[in-house]
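Trainee: Structure of the sequence below:
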Amino acid sequence: MAYLDYFPQERIALQEELAHPAHQELWPLVAKHPPQEFELRLAEIAAYLGIVLDGYYSQEELNKLCDILTRKLYEKRTQIVIPT
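Mentor: Below is the predicted model:
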């Protein structure tokens with residue numbers, strides 16, 4: 001009997017945002033950790049964005065963190081720079 005594990009939408013959205021070419025300097029940092037070390041991958045992304053993580057997180061909290069990181073990565077790549 002086969003079991004299917006579905007990934008939460010927040011994790012899928014984070015993975016899709018990470019694939020954007022604007023984040024290519026982040027790719028080697030995340031690639032240092034295998035997919036089984038998902039929490040370490042999140043820590044690399046958070047450090048890249050200047051977000052401090054401290055503590056233990058439930059699966060629900062990790063999903064919320066994925067959503068926050070996705071939004072921050074999106075903001076980082078869509079910032080408008082106005083020369084002065």
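Trainee: who's in contact with stretch 65-75?
Mentor: 8, 10-11, 13-14, 17-18, 20, 23, 42, 45-46, 49, 51, 53, 57 (CB atoms under 8 Å, 6 or more residues apart in numbering). Glycine gets a C-beta too; all of them are placed from N, C-alpha and C.
Trainee: So which residues of this protein form strands?
Mentor: Counting by DSSP state E, the chain has no strands to list.
Trainee: what about the longest helix in it?
Mentor: Looking across the chain with DSSP state H, the single longest helix is helix 59-78.
Trainee: Tell me the buried residues in that helix?
Mentor: Buried residues in helix 59-78, defined by neighbour count with 16 or more other CB atoms under 10 Å: 62, 63, 65, 66, 67, 69, 70, 72, 73.
Trainee: from those, which is closest to residue 84?
Mentor: residue 72 (24.6 Å; CB to CB).
Trainee: any weak-confidence spans in the protein?
Mentor: Scanning the chain for pLDDT under 70 picks out the ranges 81-82.
Trainee: Buried subset of the contacts of stretch 65-75 as a PyMOL selection?
Mentor: The buried subset of the contacts of stretch 65-75, as determined by 16+ other CB under 10 Å, is captured in PyMOL by this line:
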select buried, resi 10+11+13+14+17+18+23+42+45+46
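Trainee: farthest pair in the contacts of stretch 65-75?
Mentor: Farthest pair in the contacts of stretch 65-75, by CB to CB: 20 and 57, 24.8 Å.
Trainee: Could you report the distance from residue 59 to residue 78?
Mentor: The span separating residue 59 from residue 78 equals 29 Å under the rule CB to CB, to the nearest Å.
Trainee: Show the contacting residues for the residue nearest to residue 66 when sequence neighbours are not counted.
Mentor: Closest residue to residue 66 apart from its sequence neighbours, by CB to CB, 6 or more residues apart in numbering: residue 10 at 4.0 Å. By CB under 8 Å, 6+ apart, the residues touching residue 10 are 63, 64, 66, 67, 70.
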